[in-house]
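K.L.:
Coordinates for the following, if possible.
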Amino acid sequence: MLPTEFAGKRVTVMGIGLFGGGVGVARFLARQGAHVTATDLKDVATLAPSIAQLAGLPIALHLGGHTPADFTDADLVVVNPAVGDDSPYLALARNAGVQLETEINLFFKLCPAPILGITGSNGKSTATALAAHLLEAGPRRVWLGGNIGRSLLEDLDAIRPGDLVVLELSSFQLERLAWTGLSPALSVVLNLSPNHLDRHKTFEAYARAKQPIILNQRDTDAAILNADCEHVSTWGALGAGRKLFFSTRRPVERGAWRDGPRALWRDGGSPQELFRGGDLMLRGEHNLGNALAAAAAAVLCGVPIEAIAPRLAAFKPLEHRLEFVRTLDGVAYYNDSKATTPEAGIAGVEAFDEPVVLIAGGYDKHLPFDKFAEAVVKRAKAAVLIGATAARIRDAIAATGPAPITHVVTVPTLSDAAATLAEAIATARALARPGDVVLLSPACASYDMFDNFEQRGALFKRLVMELSPAH
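P.N.:
All right, here's what the predicted structure looks like:
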């Protein structure tokens, strides 16, 4: 589909959202001459930052609810990733014979440059940002987008065939990428564990939603898979692309792995040193895996091996991902609000050798907490629990054995989210001693108390920075 084909078309953008995708595709289509209607269940006040980005463009806004005619009387409906396939409005469009599309699908169809796609249940954003950071040491211009940033549709005129595009891709985006029959030219799959079961219903369905990242690769394409993940490591036969692997535990025939303090790479020849563990500012075993995957992708894309270590050393943790906030009275505070799954919470707790006072809990995505509870009992001295899942996590900790060593405190939901989180921080502070870490690593999404994990993390940082030293 060429951009000129949108001219004069009636297009409904379903879901403006607050993170750029809906805004980006609406702006792009309007500038191609399409008659765009943007509709969202949220109201004008909630969507004010996004609406401001549409100012001056001929886009009709239907907010605070959906109108059936916007889905039956359109030539094209662009669906936000957050909208489930069971939406009655999508059923209206299908029954009317209206084509369904997504922002990411449009970009895949129109992008002239090769795409590096990165997915996984945990670590996507860090690995994606790190891969782009490493690729910038190479000879090609690098574009970063997808789930991690703004839509790149409006940059299509500037993207050249010799450039590289790096996209973080979620299960929601990949599930619908299957509509196109396309996959990235180079794909990275970091890991796979239960997530978004409130949407996908089963782990098997969630796994299938991820697989389009490699299913339609050609034999000239390649994929980098996690050899340590019991699920991803079995994907070698999917798609026609060449398969390489990364591992923090053992050597791999082709790819990247840890060998003591060194990270090594080989692709048919003798092993070469990529970097050393001390080069990383990122904490935790999971981030070593992210670095191995990103480095492997960079080498495949032509970045000189000798450029990897110094670039890694310059990379800082992303906001809300094991982000250091401050040290107060000898206690270090870390914001890991992006840990929205039990597996991410495990990675957060296991990233520290110091005693951890953990703040966890949040929105219930119907994920199991048994392994998370085991990690908490093993690695944390105390757990302060908040939100809708507090009781479930408390019960999971209690079920780990007759006498769990972890001290558990459940904070009741107070007048608002800020008051509840402030009480949790005060409780954690009282339990911590000099040399300890207070860690917000919720192991849950934020929607029971906050709009998103960013809001939760930003409030945690503000409240921690407002604390006064003990006298």
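
K.L.:
quick one: average pLDDT of stretch 451-466?
P.N.:
Mean pLDDT, stretch 451-466: 96.

K.L.:
Just the buried residues of stretch 124-132, please?
P.N.:
Lys124, Ser125, Thr126, Ala127, Thr128, Ala129, Leu130, Ala131, Ala132 (16 or more other CB atoms under 10 Å). No exception for glycine: its C-beta is placed from N, CA and C like everyone else's.

K.L.:
Need the CA coordinates for that stretch. PDB is fine.
P.N.:
Output for stretch 124-132, consisting of C-alpha atoms alone and laid out as PDB, is shown next (Å, rounded to 0.1, in the frame of the first residue of the first chain):
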ATOM      1  CA  LYS A 124      12.000  -5.400  25.800                       C
ATOM      2  CA  SER A 125      12.500  -1.700  26.400                       C
ATOM      3  CA  THR A 126      16.000  -2.100  27.800                       C
ATOM      4  CA  ALA A 127      17.200  -4.400  25.100                       C
ATOM      5  CA  THR A 128      15.600  -2.300  22.400                       C
ATOM      6  CA  ALA A 129      17.200   0.900  23.600                       C
ATOM      7  CA  LEU A 130      20.500  -0.800  24.100                       C
ATOM      8  CA  ALA A 131      20.500  -2.300  20.600                       C
ATOM      9  CA  ALA A 132      19.800   1.100  19.100                       C
END
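
K.L.:
so what's Phe246 closest to, chain neighbours aside?
P.N.:
Excluding the flanking residues, the one nearest Phe246 by CB to CB, 6 or more residues apart in numbering is Leu292, at 4.1 Å.

K.L.:
if I read this right, that neighbour contacts Phe245, doesn't it?
P.N.:
No. Look at Leu292 against Phe245 with CB atoms under 8 Å: they stay out of range, at 9.5 Å.

K.L.:
These two: which is more packed in?
P.N.:
Higher neighbour count among Leu292 and Phe245: Leu292, with 29 against 24, using other CB atoms under 10 Å.

K.L.:
In three-state terms, label the more buried one for me.
P.N.:
Here Leu292 is helix, with the state taken from DSSP: H, G, I helix; E, B strand; the rest coil.

K.L.:
ok, it - contacts?
P.N.:
Leu292 makes contact with Phe246, Ser247, Thr248, Ala256, Trp257, Arg258, Ala263, Leu274, according to CB atoms under 8 Å, 6 or more residues apart in numbering.

K.L.:
Now flag whichever of the residues you listed is closest to Ile405.
P.N.:
Nearest to Ile405 out of the contacts of Leu292 is Thr248 (CB to CB; 27.2 Å).

K.L.:
My read is that that closest one contacts Gly289, right?
P.N.:
Yes. Between Thr248 and Gly289 there is a contact at 5.2 Å, judged by CB under 8 Å.

K.L.:
okay, and the common contacts of the two?
P.N.:
In contact with both Thr248 and Gly289: Asp228, using CB under 8 Å, 6+ apart.

K.L.:
neighbour count winner among the two?
P.N.:
Gly289 (27 against 18).

K.L.:
quick one, strands of the stretch 251-400 of the chain?
P.N.:
With DSSP state E, counting those that start in this stretch as the criterion, the stretch 251-400 of the chain has strands at 254-259, 262-267, 272-276, 323-328, 331-335, 356-360, 380-385.

K.L.:
what does the helix-or-strand element of the chain with minimal mean pLDDT contact?
P.N.:
Lowest by mean pLDDT, DSSP states H and E among the helices and strands of the chain is helix 197-200, with a mean of 78. Under the contact criterion CB under 8 Å, 6+ apart, helix 197-200 has outside partners Gly84, Ser171, Phe172, Phe203, Tyr206, Ala209, Asp364, Lys365, His366, Leu367.

K.L.:
hmm, which two among these are most spread apart?
P.N.:
For the contacts of helix 197-200, the maximum inter-member distance is 20.3 Å, found between Ala209 and Asp364 (CB to CB).

K.L.:
With neighbour numbers in mind, choose between the two.
P.N.:
Ala209 (22 against 15).

K.L.:
what helix or strand is that one on?
P.N.:
helix 203-210 (DSSP states H and E).

K.L.:
Give me the neighbour count for the nearest residue to Ala240 once chain neighbours are set aside.
P.N.:
Nearest residue to Ala240, sequence neighbours excluded (CB to CB, 6+ apart): Asp219, at 4.5 Å. The tally of other residues near Asp219 (other CB under 10 Å) stands at 9.

K.L.:
Good, wrapping up.
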